[in-house]
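> build me a structure from this.
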Amino acid sequence: MAQGWQAVARAINARLSELGLSQRELVARSQVSRATVAEIQHNTAQRRRSDRTLEALSTALDWHPGHLAAVLAGKRPPKLAEPVVRGDEDVPGRLAAIEHQLREITEKLDGLGIVSDEINTNVANVVERFSERRKPGR
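Numbers count the residues shown, from 1 in each chain. You can find the predicted model right below:
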């Protein structure tokens, strides 16, 4: 996990530089204590952090709320528009993520110019079915 925290520190420092923000501004934006931000930013204390801490820092850096958690886990950070899934039991969140992935796949295939109208219709029908299942009262 040490490498994960080192990656988090690098990501935060690079993003601060990219956005032209100071540590003080990050503290104000995130509402995370200066001491905690400094520990994470400089990788001086490698310990478990609250999911909310990483979410607050990610959001303050104009990233997806799950960005730093993904960096810590060595995974691909989600894009800003991707839905937030709060765990295996979060069925609506997982369905939203599936819908998002289907849309991205469709857009990529459309860009390649190899998707027929029939495939587009089938994908649209699947997305519509998922959307209907997510509606309250169903």
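> this structure: helices as residue ranges?
2-19, 23-30, 34-42, 51-60, 67-73, 91-112, 117-134 (DSSP state H).
> mind listing what's buried in the last one?
If I follow you right, that is helix 117-134. By neighbour count with 16 or more other C-beta atoms under 10 Å, helix 117-134 contains the buried residues 123, 127. The C-beta positions use only the backbone N, C-alpha and C, and glycine is treated the same way.
> give the other helices and strands that the helix or strand of the chain with the lowest mean pLDDT contacts.
Across the helices and strands of the chain, mean pLDDT, DSSP states H and E gives its lowest value to helix 117-134, namely a mean of 79. Using 3 or more C-beta pairs under 8 Å, 6 or more residues apart in numbering; DSSP states H and E, the elements in contact with helix 117-134 are helix 91-112.
> how is the protein partitioned into domains?
The chain breaks down into these domains under automatic domain parsing: 2-73, 91-134.
> make CSV out of those and add distance to residue 80.
Compiled in CSV, these are given as follows (distance: least, C-beta to C-beta, whole Å):
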stretch, distance to residue 80
domain 2-73, 5
domain 91-134, 12
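> of those, flag the one that's most buried.
Per-residue neighbour counts averaged over each of those give the maximum for domain 2-73, namely a mean of 16 (mean count of other C-beta atoms under 10 Å).
> returning to that earlier point: pull the distance from the least confident helix or strand of the chain to the chain's centre.
Relative to the chain's own centre, helix 117-134 is displaced by 24 Å; criterion: C-alpha atoms, centre = their mean, to the nearest Å.
> cool, and stretch 3-10?
Taking C-alpha atoms, centre = their mean, the mean C-alpha location of stretch 3-10 is offset from the chain mean by 16 Å.
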